[in-house]
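K.L.:
Task: produce atomic coordinates for the following.
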Amino acid sequence: TLAGDWSVQLPVRPVCAVVRSSVVLPCSFDFPQSSNESEKVGGLLAQDDGGEVQQYKVLSEMWCLGNSRCVTPKYVFHSAGILLDPSFMGRVEYFGQPGTNNCSLRISDLRQSDSGTYVFYLITDHPTEKMPDQSGIQLLVADSSGAVTVAAGPSSRVTEGEALRLACCSPAAGQPVDYTWFKSTAVGPGHPGQVWNISQATSADSGGYVCQTRTGDQAQNSTVLNIEVEYSPRDTAVSVSPVGGRLPVTLTCTSDANPPVRAFAWYRGAACQPSADKSSHPARWSTADPAGTGRTFSTSNIPAEEYGEHCCVAGNRHGSQTDTVTLRSPRTITPSDSSESRLLPIGVGVGVLLVVVAVAVCVITSYLTRPENVSVAVGEPAVFRCGVPESSPNVTFRFYGTHGSYSLTCPDGKVEDVPQALYGSCNVKNGELMAMWTLKGTSFSDNHTRVTCQGPKSTEAPSAFLHVHDKGTSFFILIGCVIGGFFGTLLVAALAYLTTPEL
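P.N.:
Next comes the predicted model:
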């Protein structure tokens, strides 16, 4: 008898078979056949107008590949004979009969392309309830009886947060058989078991997987199963070059997404407000180029010739993310000529400011609690700094560049293995807990290298970027520092002389 609950009974383990053979996917189902077995409405059983209990019946039964509710343009089997996948025509036999709960399916003349997750689903005339999502059963078809074959369910391409099921089997493997999964980028003993269930896939789960079967002293590996975990844009950031407030400038937008961002949409002014409907504002589109930080990173540049807010929207089929930057006009100082006595403090202030700026540009000795953009000549080292008060428990400093993506946590100094060209360190100075990334030698390919800094309780992760220029630019910066400091000193002396009363 049927229990009245929505359910499909399928084997838990994957079904293994060889090409050109036949296989039966055993299946049975239950569903609420009457209102006595269904939900109560307002505490009373649902009844028809005559006061009798309603009976529900099956309208259609179907098998499909990959979709949990069989919402698909093609079916492996459909009781109404509609939208059948041509590749299964003449190769499937359904054992279900009206009035039974049998939903078993035979597939003949198997092909390797038949491997996948098979889902059974049914539709009834129940007015409110539907069968819930189904996980299905995995069928693995090997090209020979001695091969180890693997498959991913629902497919090898999933969205971040979805469940992922890796299955492995060998049709000729005897008992007992030990199964172990290995990930190409992982170090360790591997994951034991014929099936590897990942409840919520993340981007870290992307990569190649190999299943190894072991019977006694005999071990055999499968081919590589490539998994792709897709996600919406993240770590989207806009940088400005050159820094200083003068127009025009170049705005650079960088984002990490899978699939990668193909084009960035740029807006300005009111369109950059969080509550703004960007569809009612004109956008400037710029084609994205792959960034040096990996195949999921994209970047694009546009010129900006107006002050105010500018924002970049990065998007793919899974969502979008926006980052905004505000360009402000540099302030000017106009000394008053109403009193000669006011010239001295103003002049001294301007002169001292020039000296301080010149020294600060040439020799950066202060530590900042937010990372700053770094500009160096090609071949020179680049140093990024980020700190928090010494009393803070930790700070996380992430590096994204051509050498890879790495994370540094201070004060413990926890850092992943990094190439020789990169060095991460922690120290405490001037009351700050400081994290530092040092790129020992730079090249033009390091342009747009990015770092993000995040405190222990902060939801924000400010970014900074690297700009690599030729050595001629570095020389002129040095000359500018010397000239700026020299004329700043002369200005202080001249104003002091002019405002000193004659004896």
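K.L.:
and the top strand by length along the chain, which strands flank it?
P.N.:
Looking across the chain with DSSP state E, the single longest strand is strand 225-241. With DSSP bridges as the test, strand 225-241 is paired with strand 157-159 (parallel), strand 207-215 (antiparallel), strand 249-258 (antiparallel).
K.L.:
counting contacts, what elements does the host helix or strand of Thr326 pack onto?
P.N.:
Per DSSP states H and E, Thr326 falls inside strand 319-327. Contacts defined by 3 or more CB pairs under 8 Å, 6 or more residues apart in numbering; DSSP states H and E place strand 319-327 against strand 225-241, strand 249-258, strand 308-316. C-beta: built from backbone N, CA, C; applies to glycine.
K.L.:
Format those strands as TSV; extra columns: distance to Pro14, mean neighbour count and mean pLDDT.
P.N.:
Below are the helices and strands packed on strand 319-327 laid out as TSV (distance: least, CB to CB, whole Å; neighbours: other CB atoms under 10 Å; pLDDT from 0 to 100):
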stretch	distance to Pro14	mean neighbour count	mean pLDDT
strand 225-241	13	19	95
strand 249-258	27	24	94
strand 308-316	32	22	96
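K.L.:
Out of those, which gets nearest to Trp63?
P.N.:
strand 225-241 (23.7 Å; CB to CB).
K.L.:
Kindly export the closest one (C-alpha atoms) in CSV.
P.N.:
C-alpha atoms of strand 225-241 as CSV (Å, rounded to 0.1, in the frame of the first residue of the first chain):
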residue,chain,number,x,y,z
LEU,A,225,37.0,14.8,-13.6
ASN,A,226,37.1,18.6,-14.0
ILE,A,227,34.7,20.5,-11.7
GLU,A,228,33.7,24.1,-12.3
VAL,A,229,32.0,26.0,-9.5
GLU,A,230,30.5,29.2,-10.8
TYR,A,231,29.8,32.3,-8.6
SER,A,232,28.7,35.9,-9.0
PRO,A,233,31.2,38.8,-9.1
ARG,A,234,33.1,39.6,-5.8
ASP,A,235,36.0,41.7,-4.7
THR,A,236,35.0,44.3,-7.3
ALA,A,237,37.2,47.4,-6.9
VAL,A,238,37.8,50.7,-8.7
SER,A,239,41.2,52.4,-8.6
VAL,A,240,42.3,55.9,-9.8
SER,A,241,45.4,56.7,-11.7
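K.L.:
returning to what we had before: buried sites along the strand holding Thr326?
P.N.:
Going by neighbour count (16 or more other CB atoms under 10 Å), the buried part of strand 319-327 is Ser320, Gln321, Thr322, Asp323, Val325, Leu327.
K.L.:
quick check, nearest of those to Pro411?
P.N.:
Asp323 (29.5 Å).
K.L.:
So the closest one sits against Ser239, correct?
P.N.:
No: using CB atoms under 8 Å, Asp323 is not in contact with Ser239; the gap is 9.6 Å.
K.L.:
which element is Leu59 on?
P.N.:
strand 58-65.
K.L.:
Remind me what the next helix or strand after that strand packs against, helices and strands.
P.N.:
Downstream of strand 58-65, the first helix or strand assigned by DSSP H and E is strand 77-78. Where contact means 3+ CB pairs under 8 Å, 6+ apart, strand 77-78 is packed against strand 58-65.
K.L.:
What mean pLDDT does the strand it packs on get?
P.N.:
Strand 58-65 shows an average pLDDT of 92 in the prediction.
K.L.:
Can you list the strands that it pairs with?
P.N.:
The strands beside strand 58-65 in its sheet (DSSP bridges) come out as strand 77-78 (antiparallel), strand 116-124 (antiparallel).
K.L.:
These into JSON lines, with extra columns for mean pLDDT, distance to Phe444 and mean neighbour count?
P.N.:
JSON lines is the format used below for those (pLDDT from 0 to 100; distance: least, CB to CB, whole Å; neighbours: other CB atoms under 10 Å):
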{"stretch": "strand 77-78", "mean pLDDT": "94", "distance to Phe444": "58", "mean neighbour count": "20"}
{"stretch": "strand 116-124", "mean pLDDT": "92", "distance to Phe444": "46", "mean neighbour count": "22"}
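K.L.:
Let's have these in TSV, adding distance to Lys278.
P.N.:
Below are the strands paired with strand 58-65 laid out as TSV (distance: least, CB to CB, whole Å):
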stretch	distance to Lys278
strand 77-78	42
strand 116-124	38
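K.L.:
so which of those comes closest to Tyr400?
P.N.:
The closest of the strands paired with strand 58-65 to Tyr400 is strand 116-124. By CB to CB, the value is 35.0 Å.
K.L.:
Keeping just the C-alphas, turn the closest one into PDB.
P.N.:
The C-alpha trace of strand 116-124 is given here as PDB (Å, rounded to 0.1, in the frame of the first residue of the first chain):
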ATOM      1  CA  GLY A 116      24.900  11.200 -15.700                       C
ATOM      2  CA  THR A 117      22.300  11.700 -12.900                       C
ATOM      3  CA  TYR A 118      18.900  10.300 -13.800                       C
ATOM      4  CA  VAL A 119      15.900  11.800 -12.100                       C
ATOM      5  CA  PHE A 120      12.400  10.300 -11.800                       C
ATOM      6  CA  TYR A 121       9.500  12.800 -11.400                       C
ATOM      7  CA  LEU A 122       5.700  12.500 -11.500                       C
ATOM      8  CA  ILE A 123       2.800  15.000 -11.800                       C
ATOM      9  CA  THR A 124      -0.600  14.400 -10.200                       C
END
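K.L.:
Give me the distance between the two termini of stretch 281-300.
P.N.:
20 Å (CA to CA, to the nearest Å).
K.L.:
Let me fix that, I meant to ask about stretch 238-258.
P.N.:
End-to-end distance (CA to CA), stretch 238-258: 19 Å.
K.L.:
how distant is that stretch from the center of its chain?
P.N.:
How far stretch 238-258 lies from its chain's middle: 21 Å, per CA atoms, centre = their mean, to the nearest Å.
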